[in-house]
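K.L.:
Sequence and predicted structure, then a few things I'm wondering about:
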Amino acid sequence: MAFLRFVLVGGLGFIVDAGITLALIGGGWSPETARVPAIASAMLTTWIANRSFTFRVAHRGSLRELQKYVAVALAAAGFNYLVYRLLLNWNLAPLPAIVIATALQAVLSFLAYRHLVFSPAARDDGQSADGGH
């Protein structure tokens, strides 16, 4: 059930990413520049949604937790790209390569978030995102 919630949160992240990207492009930003705040917004949105909805974390969020979340997200995106490139090198068409790479990334990132970011063992010293206040 948690994995289904994770997939739903990923869909929300995609909507935030695509929506902000398209809105900024419509406002005159370049497609490349528009992705920067869009991706950052999507990561913040999915961090909040994954901690409260997917993994149901009760303790307050911390800056350290957010940093670990972003590190996992970036590593997972790199993994996705490497798998995609490998599949293209094996002469797989781009669309199936994207689907396979994204499916593998989803499983990897779900496990990494569960065990490295949101597990009780991964908790930091209790400092909240607002400095513990």
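P.N.:
In hand now; what should we look at?
K.L.:
Buried residues in the longest helix belonging to the chain, which are they?
P.N.:
Taking DSSP state H as the criterion, the chain has its longest helix at helix 63-89. For helix 63-89, a neighbour-count test (16 or more other CB atoms under 10 Å) marks 64-66, 68-69, 72-73, 76, 79-80, 83-84, 87 as buried. Quick note: C-beta positions are derived from backbone N, CA and C, even for glycine.
K.L.:
do the same with stretch 10-26
P.N.:
The neighbour-count check on stretch 10-26 (16+ other CB under 10 Å) flags 10, 12-13, 16-17, 20-21, 24-25 as buried.
K.L.:
Can you flag which of those belong to helices?
P.N.:
Among these, the ones falling in helices (DSSP H) are 10, 12-13, 16-17, 20-21, 24-25.
K.L.:
wait, which of these is closest to A121?
P.N.:
Distance to A121, by CB to CB, is smallest for G10 among those, at 24.1 Å.
K.L.:
Okay, the closest one and W90: tell me how far apart.
P.N.:
26 Å (CB to CB, to the nearest Å).
K.L.:
which is the next helix or strand following the longest helix of the chain?
P.N.:
Beyond helix 63-89 in the direction of the C-terminus, DSSP states H and E gives the next helix or strand as helix 94-112.
K.L.:
For the ones in helices among the buried residues of stretch 10-26, give me CSV that also has pLDDT.
P.N.:
Formatted as CSV, these follow (pLDDT from 0 to 100):
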residue, pLDDT
G10, 94
L12, 96
G13, 93
V16, 93
D17, 90
I20, 93
T21, 90
L24, 94
I25, 95
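K.L.:
Having no further points to raise, I will conclude here.
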